[in-house]
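>>> attaching a predicted model along with its sequence, questions to come.
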Amino acid sequence: MWLAGCAEPTASSIAPGSLGGMRSGSIYVPAFDAKPSLVSVTTGEFVAELSSRARVLVVRGNSIAHDSNPDVTSGSMLQNIEAGVQTARQAGANLLVTGEINVHGSAQGVTAEAILQVITLADGSTISRLRQVCTAPTEREAAVGAARQAAQVLAAGF
């Protein structure tokens, strides 16, 4: 039984239809940063949801390298974006979507947060950021709910 409660995106810079020009290309999604038990399921659910809603080719990739000295205080992703851009370009993609899933438990349940960064491969610039929060009884339900909701919000940009 699915009993997740997901809020509207708490931070998003995606305007509906703003990514419509990307329909002829593809999106490269490396494995999300998450607890090892959640990496495959959250990345897989995100890719499946985005593919079904955006109607563009979504390529699921492997993990990308991490920076040796990530500057977490600046809000940067832990993944090495340069390595992700190179890998996505080699795959022939137009966009790179990196993701991070953070899970926190409390007496009220489990809250998961999906944080996405959308990068255009034309010039390597970040064109969108998204943060989606979801609460559910289990880590898996909360994490999958956050990943699915983030995919739905991103797909609305197409």
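Sure thing, it's come through. Numbers count the residues shown, from 1 in each chain.

>>> and the strands in the protein?
Remark: strands assigned in the chain by DSSP state E are 5-6, 11-12, 26-29, 57-60, 95-106, 109-120, 126-136.

>>> tell me the strands beside the last one, with direction?
Strands that pair with strand 126-136, judged by DSSP bridges, come out as strand 5-6 (antiparallel), strand 11-12 (antiparallel), strand 109-120 (antiparallel).

>>> hmm, Val144 is touching Ser40, no?
No. The criterion here is C-beta atoms under 8 Å, and Val144 misses it with Ser40 at 11.0 Å. In this view, the C-beta of every residue, glycine as well, is placed from N, C-alpha and C.

>>> more neighbours, the two?
Legend: neighbour count by other C-beta atoms under 10 Å for Val144 and Ser40, higher for Val144 (25 against 13).

>>> what is the mean pLDDT for stretch 101-115?
Stretch 101-115 shows a mean pLDDT of 89.

>>> what does stretch 48-66 give?
Per-residue pLDDT over stretch 48-66 has a mean of 85.

>>> for it, list every residue counted as buried.
Buried positions in stretch 48-66, judged by neighbour count with 16 or more other C-beta atoms under 10 Å: 49-51, 53-54, 56, 58, 60-61, 64.
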